[in-house]
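# Provided below for reference: sequence and predicted model.
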Amino acid sequence: LSGKDLVRIKSPSPCACSAERDAVAECALELRKIGDKADLQQKVLNLIAKLFCPKKPRPRC
């Protein structure tokens, strides 16, 4: 292979780069959605635990 052929093989095409960026962006968006769902679930669990398992007894009036 000549030097030009090696350069052509090593450098990805612009289309491949943009497709890769799109895939990374879509993956990041999906991970964000999963994280948001997990965060909401944790907040709900914390609320339930706070209501049913209070750490301190409530003061009586």
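That came through, no problem. Numbering: from 1, shown residues only.

# low-confidence bits of the chain, can you list those?
Along the chain, the model assigns pLDDT under 70 to residues 1-16, 56-61.

# which stretches of it form helices?
Shown for the chain, the helices assigned by DSSP state H span residues 3-10, 14-52.

# got those as TSV, with mean neighbour count columns?
(Glycine included, C-beta is placed from N, CA and C.) Below are these laid out as TSV (neighbours: other CB atoms under 10 Å):
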stretch	mean neighbour count
helix 3-10	9
helix 14-52	10
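
# how much space between residue 31 and residue 44?
21 Å (CB to CB, to the nearest Å).

# got the contact list for residue 34?
Not one residue lies near residue 34 by CB atoms under 8 Å, 6 or more residues apart in numbering.

# how much space is there between it and residue 18?
Taken as CB to CB, the span from residue 34 to residue 18 is 25 Å.

# same thing with residue 44?
Where residue 18 is concerned, residue 44 sits at a distance of 39 Å (CB to CB).

# kindly report the same for residue 33.
Residue 33 is 23 Å from residue 18, by CB to CB.

# for residue 29, same thing?
Taking CB to CB, one finds residue 29 at 16 Å from residue 18.

# next up, phi/psi of residue 54, please.
phi -70, psi 140 (degrees, to the nearest 10).

# same question, residue 53
Taking degrees, to the nearest 10 as the convention, residue 53 sits at phi -130, psi 70.

# what about it, how many residues close to it?
Number of residues near residue 53 (other CB atoms under 10 Å) recorded here: 7.

# from residue 46, how far off is it?
On the measure of CB to CB, residue 53 and residue 46 end up 11 Å apart.

# what does residue 25 give?
31 Å.

# now swap in residue 28 and tell me
Taking CB to CB, one finds residue 28 at 26 Å from residue 46.

# try residue 19
41 Å.

# equivalent analysis for residue 54, please.
12 Å.

# what residues does residue 54 make contact with?
Residue 54 neighbours (CB under 8 Å, 6+ apart): none.

# for residue 45, see how far away it is.
On the measure of CB to CB, residue 54 and residue 45 end up 15 Å apart.

# same check, this time on residue 28
26 Å.

# just residue 53 next, same as before
11 Å.

# any idea how far residue 20 is from residue 33?
21 Å.

# fine by me, thanks again.
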